[in-house]
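[1] What follows is a protein structure lacking sequence information:
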């Protein structure tokens, strides 16, 4: 793996929060799969919006409204380009990945799901890509089927062709597992589904910040991601959908903006993308997302990936020196992105996480909203150290030393 050429020291100076101390120690922030920190470029863009442009978008004839509308619609164009979408109206703004998946589950299920049908998921899904499908399946008297995973944290695709039977109406799975870091074989699964005319929803919440995601190359029918996991603000996310699918789906919510005409007798719905964007959107969030994507593109996703790969490879080598250390999921850094999920001996993940926190090291512990994965491995949860472009090998040494201290304390 070639070097990235990125100056990580310079990058870190763009994140004010990385300068703070926790319990008297310099912060080591390794909870990036939950949410990334925000660079000054994002903070300034949102501040500038509220100070100089703030106004409701669309339909306003006054200058500020037109400015706000232009700025927000420019972000839609920017997201479309970032995902390599064919049309900007295939980009729907939501509150995040969870709402994006709920939107598709509710609308697709309402239109296409019949009693006895099934939705095919993978065994490594986040709860947000399980529960919405269970809810609509229960309403429609359908069922959820699951692609199993093996001990190495990889999907078992031997029986995929059989699982894609005539009753499957949609396949939904993640590009990168939030709990394991596994990178799934997206193109192979999408191609297998499409050979049977089955659409696919891709959860890319843990992918877009690490990998170049091209929806046309992947041929995904729907794709979701969250701003706050790619250095942007919380409360804003994206649903990409192919135009032909979005046009077939009914609206998700009713209200302002998603209509053309309203009478007490009948409502005519708006065109894409506004049919799915009822009410006042998060304009500042959209502006912040645009700034975050610009920031990522300026660094280059390949450079980000190479930088993170180097730190992850170093971390795995260093952590394997610790007695009792065990990676959960893929052992090869080439098969994972962003996440190291692990256990140490018989130490409970919560206990290890608390001792690391007392040393200023922020990790996530528990089931990571992926309880079926933990059930698969018969464990209560894991410690998850998740990386971003601003993490360093020195921080991995801090993590290793923190774990060794925890072992000493807990015996």
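    The structure has been received and is ready for your questions. Keep in mind that this is a model prediction, so the values were computed, not measured.

[2] alpha carbons only for contacts and neighbour counts from here, please
    Noted.

[3] Spatially nearest residue to residue 327 (excluding sequence neighbours)?
    residue 342 (4.4 Å; CA to CA, 6 or more residues apart in numbering).

[4] OK, contacts around the nearest residue to residue 209 once chain neighbours are set aside?
    Closest residue to residue 209 apart from its sequence neighbours, by CA to CA, 6+ apart: residue 230 at 5.0 Å. By CA atoms under 8 Å, 6 or more residues apart in numbering, the residues touching residue 230 are 36, 208-209, 292-293.

[5] now swap in residue 163 and tell me
    Applying CA under 8 Å, 6+ apart to residue 163 gives the contacts residue 120.

[6] circling back: could you give the number of residues near the residue nearest to residue 327?
    21 (other CA atoms under 10 Å).

[7] That one is in contact with residue 382, isn't it?
    Yes - with contacts counted by CA atoms under 8 Å, residue 342 reaches residue 382, the gap being 5.5 Å.

[8] intersection of neighbour lists for the two?
    Listed contacts common to residue 342 and residue 382 are residue 328; contacts here mean CA under 8 Å, 6+ apart.

[9] list the contacts for residue 168?
    By CA under 8 Å, 6+ apart, the contact set of residue 168 is 117-120, 198.

[10] what about the closest residue to residue 368 other than its chain neighbours, how many neighbours?
    Spatial nearest neighbour of residue 368, excluding adjacent residues (CA to CA, 6+ apart): residue 179 at 5.9 Å. By the measure other CA under 10 Å, the count of residues near residue 179 is 31.

[11] Could I get the contacting residues of residue 179?
    124, 126, 339, 341, 367-368, 370, 373, 384.

[12] For residue 109, which non-adjacent residue is closest in space?
    Nearest residue to residue 109 in three dimensions, chain neighbours excluded: residue 136, at 6.1 Å (CA to CA, 6+ apart).

[13] what does residue 333 give?
    The spatially closest residue to residue 333, leaving aside those adjacent along the chain, is residue 313, at 5.9 Å (CA to CA, 6+ apart).

[14] Same check on residue 320?
    In this structure, residue 320 finds its nearest non-sequential neighbour in residue 326, 7.5 Å apart by CA to CA, 6+ apart.

[15] Repeat that for residue 361.
    Counting by CA to CA, 6+ apart, residue 361 lies nearest to residue 28, which is 4.7 Å off, once chain neighbours are set aside.

[16] got a list of what residue 115 touches?
    Per CA under 8 Å, 6+ apart, neighbours of residue 115: 140-142.

[17] In CSV: these, plus distance to residue 237, pLDDT and neighbour count.
    Putting these into CSV (distance: CA to CA, whole Å; pLDDT from 0 to 100; neighbours: other CA atoms under 10 Å) gives the following:
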residue, distance to residue 237, pLDDT, neighbour count
140, 27, 97, 18
141, 30, 98, 15
142, 28, 98, 21
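
[18] Nearest to residue 100 among the residues you listed?
    Of all these, residue 140 has the smallest distance to residue 100: 19.9 Å, by CA to CA.

[19] residues touching that closest one, list them.
    109, 113-115.

[20] And the strands in the stretch 251-400 of the chain?
    259-262, 267-269, 325-327, 339-344, 361-362, 364-366, 382-386 (DSSP state E, counting those that start in this stretch).

[21] now, which of the contacts of residue 168 lie within strands?
    118-120 (DSSP state E).

[22] tell me the domain ranges of this structure?
    For the chain, the structural domains run 8-30+300-410, 43-297, going by automatic domain parsing.

[23] Next, the contact list for residue 97, please.
    Neighbouring residues of residue 97 by CA under 8 Å, 6+ apart: 128, 203, 205, 224-226, 237-239.

[24] where along the stretch 1-150 of the chain do the strands fall?
    According to DSSP E, counting those that start in this stretch, the strands that the stretch 1-150 of the chain contains are 21-22, 25-26, 28-29, 91-94, 118-122, 143-147.

[25] highest average neighbour count across those strands?
    Across the strands of the stretch 1-150 of the chain, the average number of neighbours (mean count of other CA atoms under 10 Å) peaks for strand 91-94, which reaches a mean of 26.

[26] Let me see the mean pLDDT of stretch 31-40.
    Stretch 31-40 shows a mean pLDDT of 98.

[27] quick one, what contacts residue 235?
    95-96, 227-228, 282, 285.

[28] Neighbour count for these - can I get that in a markdown table?
    Output for the contacts of residue 235, formatted as a markdown table (neighbours: other CA atoms under 10 Å):
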| residue | neighbour count |
| --- | --- |
| 95 | 19 |
| 96 | 21 |
| 227 | 29 |
| 228 | 25 |
| 282 | 18 |
| 285 | 25 |
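
[29] nearest to residue 154, of the ones in strands among the contacts of residue 168?
    Distances from residue 154 to these, taken by CA to CA, are shortest for residue 120, at 16.3 Å.

[30] Can you report phi and psi for the residue nearest to residue 209?
    Main-chain torsions, residue 230, degrees, to the nearest 10: phi -130, psi 40.

[31] how much space between the closest residue to residue 67 other than its chain neighbours and residue 290?
    Nearest non-adjacent residue to residue 67, counting by CA to CA, 6+ apart: residue 53, 6.6 Å away. The spacing between residue 53 and residue 290, counted by CA to CA, to the nearest Å, is 15 Å.
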